[in-house]
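# okay, here's the prediction I keep looking at, along with the sequence it came from:
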Amino acid sequence: METTPLYDKVIEAIMTVYDPELPVNIYDLGLIYSVDILPVNNVQIVMTLTAPGCAAAQSLPVEVDQKVREVEGVNDVHVSVTWNPPWEKEMMSEAARLELGF
């Protein structure tokens, strides 16, 4: 996948958001399914949570939205949460698995 400077900045912003129960950012946890930069620098993000009953179900999508809106050049942000496919430990990056001892 080809990246752009704005895409890279958006990913950097997302990587500052941490799951409140785990010492790993949500990008490395595999909670971000897609990030699309649309015309006029609108950003569309599809993400999930570790479980439907996750304590951060309300706060994490809002925090992602806020962090991405702070990125210079971003016009608008839309974050949607999906449960399909369900999150699994295998979606974590190798670094996240090492950090968590998996």
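Thanks, I have it.

# contacts and neighbour counts: CA atoms only from here.
Will do.

# V43 sits in which helix or strand?
In this assignment (DSSP states H and E), V43 forms part of strand 42-47.

# which strands or helices does that strand pack on?
strand 32-38, strand 76-81 (3 or more Cα pairs under 8 Å, 6 or more residues apart in numbering; DSSP states H and E).

# span of stretch 36-45 from start to end?
As for stretch 36-45, its first-to-last residue distance stands at 6 Å under the measure Cα to Cα, to the nearest Å.

# got the buried residues for stretch 40-55?
Residues of stretch 40-55 classed as buried: 43-50 (neighbour count, 16 or more other Cα atoms under 10 Å).

# and if you look at stretch 15-25?
Residues of stretch 15-25 classed as buried under the neighbour-count rule (16+ other Cα under 10 Å) are 15, 17-19, 24-25.

# for the residue nearest to the spatial centre of the chain, list each beta-bridge partner.
Here the mean C-alpha position of the chain is nearest to the C-alpha of I32 (Cα atoms, centre = their mean), at a distance of 3.8 Å. According to DSSP bridges, M47 are recorded as the beta-bridge partners of I32.

# K89: neighbour count?
Using other Cα atoms under 10 Å, K89 is surrounded by 12 other residues.

# ok, it - contacts?
Contacts here follow Cα atoms under 8 Å, 6 or more residues apart in numbering; on that basis K89 touches L29.

# roughly how far does it sit from H78?
Relative to H78, K89 is positioned 26 Å away (criterion: Cα to Cα).

# relative orientation of the strand holding V43 and strand 32-38 in degrees?
Here the directions of strand 42-47 and strand 32-38 differ by 170 degrees (axes from the mean of the first three to the mean of the last three Cα atoms, to 10 degrees).

# distance from the chain centre to strand 42-47, please.
Using Cα atoms, centre = their mean, to the nearest Å, the mean C-alpha position of strand 42-47 is found 9 Å from that of the whole chain.

# all set now, cheers.
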